[in-house]
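In: Return a 3D structure for these sequence lines:
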Amino acid sequence: MLHTADPDIPALMADIGRRARAAARRLAIATGAEKSAALAAMAASVRGHVAEILAANAIDVAAMKANGQTAAFLDRGTLNEARVGAIADALEAIAGLPNPVGRVLAAWTRPNGLAIERVATPLGVIGIIFESRPNVTADAGALALMAGNAAILRCGSDSFASSTALLTAMQDGLAAAGLPEDAIQLVPTKDRAAVGAMLTGLDGAIDVIVPRGGKSLVARVQAEARVPVFAHLEGICHLYVDKAADLEMAVAIAVNAKMRRTGICGSAETLLVDRAVASTHLVPILDALAAAGCAIRGSDAVRALWPAATAATETDWSTEYLDAILSVRLVDGVDAAIEHIETHGSHHTESIVTDDAETAERFMNRIDSAIVMHNASTQFADGGEFGMGAEIGIATGKMHARGPVGVEQLTSFKYRVRGTGQLRP
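Out: As a prediction, this is how the structure comes out:
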């Protein structure tokens, strides 16, 4: 039963962990058809519970307004019929993805006749800690399920009622499809001690943690988690306009990369322009950005050519604004751009605008970020745009998942070895 407080958080969380582990064992052997049918049933259930979901969301929105939340925060947390429909659409899109479990990733035969395969397997139990967006309940739970994993979701207090209503609908769909309702669980308390319990791994029940939220949440998870973490701390994304860039393309990409949605992690935060084309490219790009409502913080060289810019400080080059603000610097060619990015970036997403294929390859090969683009907006740093159906987040680590984390990234692998009686000498 869901409730808002529990005096015995360790016992509550341990029970959730045990039930998730049991559900994960069933999901690990579920067929692709079973998982797709469950997700389709979940989508239908969400569509059938729109009234209940919106009523619960109204409770969350009223509380957010009473707490003085910003308009942007309110927008992220507000649902309407169209947005609930989009949540159901996302469930159906994930249902249509190929089953990632059981894929043969590699196969070979040894000289002694041993046949070896590397095969994709579920991770097990995934803990997802997120803040204001109630749709994450559906996206994260569905992606975990399609990859054969159980999910333990811990939402922020601002989306508690909405997430609870969504989960109830989703669990009805799971039950209708014959998969365990414990495959997707929502932590039924707002007590922050539950987060600390999840970060311990729940005595081995949780295999990986995925935080979705602001910098303070992600920093805490990365600092305290005793299990692997898929996350990015900051999205300090760069756009480099090379001397061989088409001006019209550069202007369009710069405006889109910064201004399409300024508050997402794929929004460009720094613009680098090759000094060789500063006299022809810089002013048109900055004029277009300013016309779109962007504030420019420029280096001395930038301000000399575009005096309306305010002076950039050293801190600006390492700042994720998540706002209509862009830091701008001139650089001496692609190598200087690479050096700047490697010094100040967060290894999230970088893009180069150039018609020189060799320069583009140099940039893409030498930049050590999760996503590197050529002649495209950084706003494409999104699992849905990559054809993954949805994403559980963006990861900038190197040990497992990197970039958008979709169903394939929520799998591990094992080796299957078949012999005919071989003995090791």
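
In: Kindly export the biggest helix by length in the chain (C-alpha atoms) in CSV.
Out: Secondary structure assigned by DSSP state H gives helix 9-28 as the longest helix of the chain. Output in CSV follows, covering the C-alpha atoms of helix 9-28 (Å, rounded to 0.1, in the frame of the first residue of the first chain):
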residue,chain,number,x,y,z
ILE,A,9,12.6,3.0,6.3
PRO,A,10,15.3,0.2,6.3
ALA,A,11,12.6,-2.5,6.6
LEU,A,12,10.4,-0.9,4.0
MET,A,13,13.3,-0.6,1.5
ALA,A,14,14.7,-4.1,2.2
ASP,A,15,11.2,-5.5,1.4
ILE,A,16,11.1,-3.5,-1.9
GLY,A,17,14.5,-4.8,-2.8
ARG,A,18,13.6,-8.4,-2.2
ARG,A,19,10.4,-8.1,-4.2
ALA,A,20,12.3,-6.4,-7.1
ARG,A,21,14.9,-9.2,-7.1
ALA,A,22,12.3,-11.8,-7.3
ALA,A,23,10.5,-10.0,-10.1
ALA,A,24,13.8,-9.6,-12.0
ARG,A,25,14.3,-13.4,-12.1
ARG,A,26,11.0,-13.7,-13.9
LEU,A,27,11.7,-10.9,-16.2
ALA,A,28,15.1,-12.3,-17.2
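
In: hmm, who's touching it?
Out: Contacts of helix 9-28 with the rest of the structure, by Cβ atoms under 8 Å, 6 or more residues apart in numbering, involve 6, 35, 101, 121-122, 124-125, 145, 148-152, 179-180, 182-183, 185, 187-189, 191, 193-194, 197-198, 202-203, 205-206. (Each C-beta comes from the backbone N, C-alpha and C, glycine too.)

In: Give me the buried positions along the helix or strand harbouring Met198.
Out: In this structure, Met198 is located in helix 193-199 according to DSSP states H and E. Across helix 193-199, burial judged by 16 or more other Cβ atoms under 10 Å covers 194-195, 197-199.

In: Could you check what's spatially nearest to Leu217, not counting adjacent residues?
Out: Spatial nearest neighbour of Leu217, chain neighbours left out: Pro211 (5.5 Å); criterion: Cβ to Cβ, 6 or more residues apart in numbering.

In: So the one you found, which state does it fall into?
Out: Under DSSP: H, G, I helix; E, B strand; the rest coil, the three-state class of Pro211 is strand.

In: ok, now which ones touch it?
Out: Pro211 makes contact with 128-130, 217-218, 221-222, 229, 231, 393 under the criterion Cβ under 8 Å, 6+ apart.

In: The residue lying closest to Asp246 once chain neighbours are set aside: neighbouring residues, count only.
Out: Computed as Cβ to Cβ, 6+ apart, the closest residue to Asp246 that is not its neighbour in sequence is Asp355, at 5.9 Å. Asp355 sits with 13 neighbouring residues when counted by other Cβ atoms under 10 Å.

In: My read is that Asp355 contacts Leu247, right?
Out: No. In this structure Asp355 lies outside contact range of Leu247 using Cβ atoms under 8 Å: 10.8 Å.

In: picking that back up, what residues sit buried inside the longest helix of the chain?
Out: Going by neighbour count (16+ other Cβ under 10 Å), the buried part of helix 9-28 is 9, 12-13, 16-17, 19-21, 23-24, 26-27.

In: And for stretch 115-124?
Out: Buried residues in stretch 115-124 (16+ other Cβ under 10 Å): 119-124.

In: Report the backbone C-alpha coordinates of stretch 256-263 in CSV.
Out: What follows is stretch 256-263, C-alpha atoms only, in CSV (Å, rounded to 0.1, in the frame of the first residue of the first chain):
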residue,chain,number,x,y,z
ASN,A,256,18.8,25.8,-32.5
ALA,A,257,21.6,24.3,-30.3
LYS,A,258,21.2,27.1,-27.7
MET,A,259,17.6,28.3,-27.9
ARG,A,260,15.3,25.4,-28.9
ARG,A,261,15.1,24.4,-25.3
THR,A,262,17.6,26.1,-23.0
GLY,A,263,17.0,23.9,-20.0
